[in-house]
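Take this sequence and fold it.
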Amino acid sequence: MSTAIPFPTKRSETTVPAIQPGANIAETLARFANAITYDNIPAAVRQRAKELMLDSVGIALASTRYDFAHRTLNASRALGGPGEHAVIGMATRLPLRDAALVNGVLIHGLDYDDTHIQAATHITCSLLPTALGVAAQEGQTGKDLLAAYVAGHEVIGRIGSVTEGQWHLVGFHPTGILGAFGCAITAGKLFGASDEQLAMAQGIALSMGSGSLEFLEDGAWTKRMHPGWAAVSGITAAAMAKHGFVGPKRAYEGRFGLWNAHLGPLAADVHMERATEAMFDRWEVMRSAVKPFPACHFNHATADATLALVAEHGLKAEQIKRVLARMPAPTVKVVCEPLAAKRVPQGAYEAQFSIPYIIAACVLRGKFGLAELEPEVTGDRAILELAAKVDYEVDPDSPFPNYYSGEVVIETVDGRTLRHREAKNRGAGDRPLSTDDIVAKYMDNAMMAVSRERAERIRDLVLSLDGLGEALDLEEGLGG
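Next up, the predicted model:
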């Protein structure tokens with residue numbers, strides 16, 4: 001296995017679909033997506049795509065141990081009854097869109113899944129459930145599934161990269177909103193949609209994607225459902241477009257298109273050209289980061305900075321007088337404010353979005369994993385006492401959104417000032433986790449729910465996806 005996943009270093013030989021005079025963004029992206037085939041995707045991109053899927057499957061398996069997963073499954077069974085499509089790690093079958101919803105919740109439920117850094121968006125959590133179900137239904141191959149996944153990833157990464165943190169500033173969770181467009185591309189490609197139908201599917205998806213950040217206020221579960229709902233929306237939009245339903249043509253740049261409708265005055269700062277530039281040259285799959293910690297990605301560099309200080313100086317909680325976290329400005333509303341509430345998170349989900357809690361847990365426990373989200377830990381008095389000493393400030397020199405930087409400054413009771421800065425969050429861009437790291441993470445997560453033997457069989461199945469004559473074999477292999 002490779003030890004790193006590099007960016008492509010030279011231009012693809014693939015002919016880039018010409019941007020037609022007068023073509024809008026949806027039309028251009030549709031032509032681009034339909035031009036993507038398994039054979040013209042660089043080998044490194046194909047490998048990375050399979051590793052992102054493997055990472056997501058491991059998280060989904062781990063999620064089957066949690067209450068939110070079973071409540072979602074019960075609701076879906078009550079609404080749609082039995083079907084033909086597998087739910088990852090669960091011995092049940094549901095109709096296509098219900099299975100996609102549940103699988104999306106399972107992958108995103110622990111907030112441990114991949115993030116496209118510049119788009120600040122989780123992608124595989126919506127695309128894999130879409131590709132898995134539709135490819136199985138349509139009798140497609142593993143190569144078809146992989147190509148459709150990459151095409152959807154390209155679209156989400158591109159339409160997300162035109163902004164620089166604005167979604168979170170106005171209270172939207174882009175994963176659910178942008179995911180609907182990418183899932184429409186992935187589903188439409190697997191349905192055999194024409195360029196015109198694929199463009200129309202994006203227009204229909206404009207009325208479907210959703211995602212509010214209000215869950216941050218009280219630790220609600222709604223963020224978990226956003227990617228699954230994006231999958232449902234994208235599948236629906238693609239099917240309607242394939243059967244002639246008419247949607248708006250200017251899904252993105254229109255007067256009430258994606259950016260203007262959601263971002264308001266901030267839409268003036270959108271870099272629209274990023275959506276359609278460097279096709280077959282810049283691959284968005286390579287810009288998605290695998291998480292080393294089960295927490296909001298905005299917290300990762302800060303967690304690593306804290307762990308580095310603890311390791312270097314042998315710090316104990318009783319030695320610490322004050323902690324300052326220096327954060328990128330667009331992340332503050334998500335993981336730092338309101339500070340009083342962030343210092344006393346009410347349960348695991350709020351803890352995952354709390355800079356004070358994560359710093360305190362890293363100091364006291366020397367790590368941050370799923371164990372640090374168990375009730376006896378999130379309620380630990382010693383952790384909360386240290387969290388009360390954590391403050392924050394905006395870092396004007398952060399490279400956000402290209403990287404989610406973090407700096408930690410610790411003042412000790414004996415008068416020392418210790419600091420460590422992580423300019424590039426681990427797992428992102430040109431600092432990727434290795435293949436071995438990703439496989440190890442998968443195995444740790446998967447074996448929370450299944451035996452080592454079964455975890456290894458699933459691992460091998462996912463990583464050999466492009467050798468499957470029927471994508472149905474993957475869906476069946478992931479079911480419980």
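
Ignoring the adjacent residues along the chain, who's closest to Tyr149?
Of all residues not flanking Tyr149 in the chain, Ala131 sits nearest, at 4.7 Å (Cβ to Cβ, 6 or more residues apart in numbering). Heads up, the C-betas are built off the backbone N, CA and C, glycines and all.

just checking, the one you found touches Gly142?
No. Taking contacts as Cβ atoms under 8 Å, Ala131 lies outside contact range of Gly142: 10.3 Å.

Overlap in contacts, these two.
Contact criterion Cβ atoms under 8 Å, 6 or more residues apart in numbering; residues shared by Ala131 and Gly142: Ala471.

Which of these two has more residues huddled nearby?
Ala131 (32 against 23; other Cβ atoms under 10 Å).

coming back round to it: how far does the host helix or strand of the residue nearest to Tyr149 sit from its chain's centre?
Following DSSP states H and E, the helix or strand that holds Ala131 is helix 124-137. Here the centre of helix 124-137 is set off from its chain's centre by 15 Å, with Cα atoms, centre = their mean, to the nearest Å.

Beyond it, next helix or strand please.
Sequence-wise, the next helix or strand downstream of helix 124-137 (DSSP H and E) is helix 142-161.

now that following helix: mean pLDDT?
Helix 142-161 shows a mean pLDDT of 98.

Could you find the closest non-adjacent residue to Leu190?
Spatial nearest neighbour of Leu190, chain neighbours left out: Val134 (4.4 Å); criterion: Cβ to Cβ, 6+ apart.

domain assignment for the chain?
As given by automatic domain parsing, the domain ranges for the chain are 25-291+441-478, 297-422.

Let me know which of these is the nearest to Thr435.
Among those, domain 25-291+441-478 comes nearest to Thr435, with 6.3 Å by Cβ to Cβ.

Next, the contact list for the residue nearest to Leu190, please.
Counted by Cβ under 8 Å, 6+ apart, Val134 has contacts 96, 140, 148, 186-187, 190-191, 235.

In helices, which of those residues fall?
Counted as lying in helices by DSSP state H, out of those, are 96, 148, 186-187, 190-191, 235.

Of those, which pair is most distant in space?
Using Cβ to Cβ, the pair of the ones in helices among the contacts of Val134 lying farthest apart is Leu96 and Ala148, separated by 14.8 Å.

With neighbour numbers in mind, choose between these two.
Taking neighbours as other Cβ under 10 Å, Leu96 and Ala148 compare with Ala148 leading, 28 against 23.

What separation do you get for that one and Asp414?
Distance of Ala148 to Asp414, given as Cβ to Cβ, to the nearest Å: 59 Å.

Ok, Leu373 next?
With the distance defined as Cβ to Cβ, Leu373 ends up 32 Å from Asp414.

was I right about Ala238 contacting Ser194?
No. Ala238 lies out of contact with Ser194 (Cβ under 8 Å); the separation is 11.7 Å.

neighbour count winner among those two?
Counted by other Cβ under 10 Å, Ala238 and Ser194 do not tie: Ala238 has more neighbours, with 29 against 13.

and the more buried one, what element?
Ala238 belongs to helix 222-242 when assigned by DSSP H and E.

for the following helix or strand past that helix, packing partners?
Going down the chain from helix 222-242, the next helix or strand is helix 258-263, by DSSP H and E. The contact analysis (3 or more Cβ pairs under 8 Å, 6 or more residues apart in numbering; DSSP states H and E) places helix 258-263 against helix 166-169, helix 174-191.

The longest one versus helix 222-242: what angle between them?
Taking axes from the mean of the first three to the mean of the last three Cα atoms, to 10 degrees, one finds that helix 174-191 is oriented at 30 degrees with respect to helix 222-242.

Flag every buried residue along the next helix or strand after helix 174-191.
Using DSSP H and E, the helix or strand that follows helix 174-191 towards the C-terminus is helix 195-205. The neighbour-count check on helix 195-205 (16 or more other Cβ atoms under 10 Å) flags 195, 197-205 as buried.

try stretch 447-456
Across stretch 447-456, burial judged by 16+ other Cβ under 10 Å covers 447-450, 454-455.

Pick out whichever of these sits closest to Pro227.
Ala449 (19.6 Å).

Can you tell me the SS state at the closest one?
With DSSP: H, G, I helix; E, B strand; the rest coil as the basis, Ala449 sits in coil.

who does the helix holding Ala238 touch, helix- and strand-wise?
By 3+ Cβ pairs under 8 Å, 6+ apart, helix 222-242 packs against helix 67-80, helix 96-108, helix 124-137, helix 174-191, helix 195-205.

who wins for proximity to Leu258 among these?
The nearest among the helices and strands packed on helix 222-242, by Cβ to Cβ, is helix 174-191 at 7.5 Å.

for that closest one, packing partners?
helix 25-35, helix 124-137, helix 142-161, helix 166-169, helix 195-205, helix 222-242, helix 258-263.

mean confidence score for the helix holding Ala238?
The average pLDDT within helix 222-242 is 98.

Check the offset of it from the chain's centre.
On the basis of Cα atoms, centre = their mean, helix 222-242 sits 15 Å off its chain's mean C-alpha point.
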